[in-house]
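Chemist: model this:
(one chain, ligands or ions: 1)
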Amino acid sequence: MVVQVNPRTRHNKAMEGSQQKVEVNILLLGAESVGKSALTVRFLTRRFIGEYGNIESIYSHNDRIDGREICFNVWDSICPQNGEGAGLISDRQLQWADGFILVYSICDCASFNVVQQQVQRIRQAKSKFPGAPPIIIVGNKRDLQHRRTVSSEEGRLLALSTDCGFFEISAAETYHGVLLVFHELLDLIREARALKKGAAGIKGIVRSMSAVFGRKRTE
Ligand SMILES: Nc1nc2c(ncn2[C@@H]2O[C@H](COP(=O)(O)OP(=O)(O)OP(=O)(O)O)[C@@H](O)[C@H]2O)c(=O)[nH]1
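Modeler: From the prediction side, this is the model:
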């Protein structure tokens, strides 16, 4: 079973108009050993392989969703260290990403704190997005209920209070939950792009109107 919160109504895909290929850059962040690589590999290959090593990489994955070609570029980051520096996100990462998957382990309170810091950091970097940058918070390792230290409620509340999506999943147990996470983020990214386009259109109209009316006033 997957626990889920949708921050907004689902994106109307008709908003994007043409049938061009869509490319999205997705950055996975979170503390050490929470399952970032496990999520990435599950999404790319449908498999859970158990051990992943400590490799940072960007993978490309093409898919066809609702008749449209989608290219997912997935950056599986490594966390430099737990503790003080764990919540850091580089400017390059912020610049690159269209959307974020912030992963914690439901068995590790410290990893939940890291996600809290990372949400704040992303929310502060507003220049790139007109609204809130799309973020999905993921509580991973849901199969380890007996070791749970972060309740579903805590995860859900954090997501609601910061306008993020929220899922609890087990990358070890199912492919479906992981797929839902990436597809929900794709929807949010497309919605954010449509809003950005709309905002640019409105700005253009306002500029044209003030050019006309502004000139009239000075005549
Ligand atoms: N039980 C369980 N174990 C998991 C799950 N996801 C990942 N793991 C295990 O957790 C450990 C760490 O997983 P990784 O995917 O390497 O974690 P990471 O966040 O990429 O770690 P770093 O690259 O060190 O930052 C591995 O032993 C995985 O097999 C899960 O859903 N359930």
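Chemist: Run through the bridge partners of the one residue sitting closest to the centre of the chain.
Modeler: Closest to where the C-alpha atoms of the chain average out (CA atoms, centre = their mean) is Phe100, at 2.7 Å. As for beta bridges, Phe100 partners with Leu27, Ile135 under DSSP bridges.
Chemist: OK, contacts around it?
Modeler: Counting by CB atoms under 8 Å, 6 or more residues apart in numbering, Phe100 touches Ile26, Leu27, Leu28, Leu29, Gln118, Ile122, Pro133, Pro134, Ile135, Ile136, Leu185. For every residue, glycine as well, the C-beta is placed using N, CA and C.
Chemist: was I right about the fourth one contacting Gly99?
Modeler: If I follow you right, that is Leu29. No - between Leu29 and Gly99 there is no contact under CB atoms under 8 Å: 11.3 Å.
Chemist: Those two: which has the busier surroundings?
Modeler: The neighbour comparison of Leu29 against Gly99 (other CB atoms under 10 Å) goes to Leu29, with 28 against 24.
Chemist: need the contact list for the more buried one.
Modeler: Leu29 sits next to Lys36, Ser77, Cys79, Ile89, Gln93, Phe100, Ile101, Leu102, Val103, Val115, Gln118 when contact means CB under 8 Å, 6+ apart.
Chemist: Of those, which belong to helices?
Modeler: Cross-referencing the contacts of Leu29 against helices under DSSP state H gives Lys36, Gln93, Val115, Gln118.
Chemist: Which two among those residues are spaced furthest apart?
Modeler: Gln93 and Val115 (15.0 Å; CB to CB).
Chemist: Looking at these two, which one has more neighbours?
Modeler: Val115 (28 against 17).
Chemist: Look up how far Arg68 lies from that one.
Modeler: Distance from Val115 to Arg68, counting by CB to CB, to the nearest Å: 31 Å.
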